[in-house]
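In: just need the structure, nothing else, for what follows:
(one chain, ligands or ions: 1)
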Amino acid sequence: MKSGNRRGWFQSPLRVVLLGVAMLALTLVFANVPPASAAGETGYPTLADQAGATGAGNKAEMWRGIRSGEQGLVSIPNKSAGVLVQSEGEAWRSFRNGPLMTYGGWVLGGMLALLVLFFLVRGRIRIDGPKTGRTIQRFNAFERGVHWLTAGSFVVLAVTGLNVLYGRYTILPLLGPDVFAAMTAYGKLVHNYLGFAFILGVTLVFLMWVKHNIPNRDDIDWALKAGGLFSKGVHPPAKKFNAGQKVIFWATVLGGAALGFTGIQLLFPFSFAPMADMQLFQLVHAGIAVVLIAVIIAHIYIGSVGMEGAFDAMGNGDVELQWAREHHSLWVEEVTGERPRHHGGPGGRHHAPAE
Ligand code: HEM
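Out: Numbers count the residues shown, from 1 in each chain. Predicted coordinates:
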């Protein structure tokens, strides 16, 4: 008999370790098993209860509900957390990362290409007639202040907004994740706050200039001659703003209003609109922004390098009288009493080219 040498079962360290591991495994297994009736204990129905599932093998209805975006019950204040799968989100994401970005890129790139082409073909639009050496006030300090408030905030909003849309494909590979993340986080902050400055600017632009931007019959003549933009020496008459400027004005006011409205919805999530509406607002916000940026790029070109004498109007507020005669003959007539040089056609409102 070897019984005298036999050690007790618990005296083998290996057996003790194995027993310990087995107990630990059992504890973990049981700890993960949900209680038989979670609903009964918490007072809230489980998703399976909500979907009316009867047994472990019958979850089809529950999953159908989850997949179709049904809202289950949650005990936290954010009720939208009860939606586990928001299927419209897929549609939103594929539109944002697909057609929106692609066509947006074409619109912006197309506008830049057109302006380069226009510059190469037409060159800088010069003052045709001899300069008088005299100036006339075009915009007072308040008007210029409002313009630059709107313009300054818009340019920063445009740059930071485009970074959110295109930055990860263009700037991230150049600057790396650390710089890009910091830059984008600060940019988003700036974007949120400057939105209010832009809304104020657009409101003042509207109040200040709406009376000069009501379409009238001069606009038809101006548009038929394309404002003389493509033909040297042609200067259709215009009051304070010509038809092209009225387009810029209404694009700024209506586009700005739409951007402000959708921007506020996105700035205060779920305060005014549910998730699906916010996704729509995001697409509208980005789409309108891209189109307005393209329009404003053309405006910036004509208001600076594209046309001699134009920038002064928003710079110090005074423009060369000859510039004003060529581009806003009816306005000069209103302000100074000066008659346009030549009259022609029915109604006699056709202004001559340069003197
Ligand atoms: C940042 C560069 C910009 C420059 C150099 C610029 C230049 C000018 C100039 C020179 C005028 C006066 C034109 C005239 O005397 O007839 C003007 C007018 C105007 N600007 Fe700007 N602008 C800029 C940005 C913007 C932006 C970002 C907006 C709107 C978002 C804007 C909206 C307007 C509007 C509504 C007018 C009156 C209508 C018109 O003249 O087209 N501008 N700008």
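In: which of the three states applies to E70?
Out: Under DSSP: H, G, I helix; E, B strand; the rest coil, the three-state class of E70 is coil.
In: correct me, but it touches V83?
Out: Yes - assessed by CB atoms under 8 Å, E70 is found in contact with V83 at 7.4 Å. Where C-beta positions appear, they are placed from N, C-alpha and C, glycine not excepted.
In: please identify which helix or strand holds I288.
Out: Element membership of I288 [criterion: DSSP states H and E] is helix 275-303.
In: buried residues in that helix?
Out: Counting neighbours by 16 or more other CB atoms under 10 Å, one finds that the buried residues in helix 275-303 are 275, 278-283, 285-296, 298-299, 301-303.
In: so which of these reach the ligand?
Out: Intersecting those with the contacts of the ligand gives 296, 299, 303 (criterion: CB under 6 Å from any ligand atom).
In: related to what we said a few turns ago, give me the mean pLDDT for the helix holding I288.
Out: Mean per-residue pLDDT for helix 275-303: 97.
In: begin at 610, not 1, for the rest of this chat.
Out: Done: numbering now begins at 610, and the last item shifts to helix 884-912.
In: quick one: the strands in the stretch 660-809 of the chain?
Out: In order along the chain, the stretch 660-809 of the chain carries the following strands (DSSP state E, counting those that start in this stretch): 744-746.
In: surely K849 is in a strand?
Out: No - the assignment for K849 by three-state DSSP gives coil, which leaves it out of any strand.
In: rewinding a little: closest to the ligand out of the ones next to the ligand among the buried residues of helix 884-912?
Out: Nearest to the ligand among these: G912, at 2.9 Å, using CB to the nearest ligand atom.
In: do you know how far the closest residue to the closest one other than its chain neighbours is from G738?
Out: Sequence neighbours aside, A919 is the residue nearest to G912 in space, at 5.2 Å (criterion: CB to CB, 6 or more residues apart in numbering). Taking CB to CB, to the nearest Å as the criterion, A919 is separated from G738 by 16 Å.
In: could you do M817 as well?
Out: 30 Å.
In: what sits against the closest residue to R705 other than its chain neighbours?
Out: For R705, the nearest residue in space outside its immediate sequence neighbours is L892; the separation is 6.4 Å by CB to CB, 6+ apart. Contacts for L892 (CB atoms under 8 Å, 6 or more residues apart in numbering) come out as 701, 704-705, 709.
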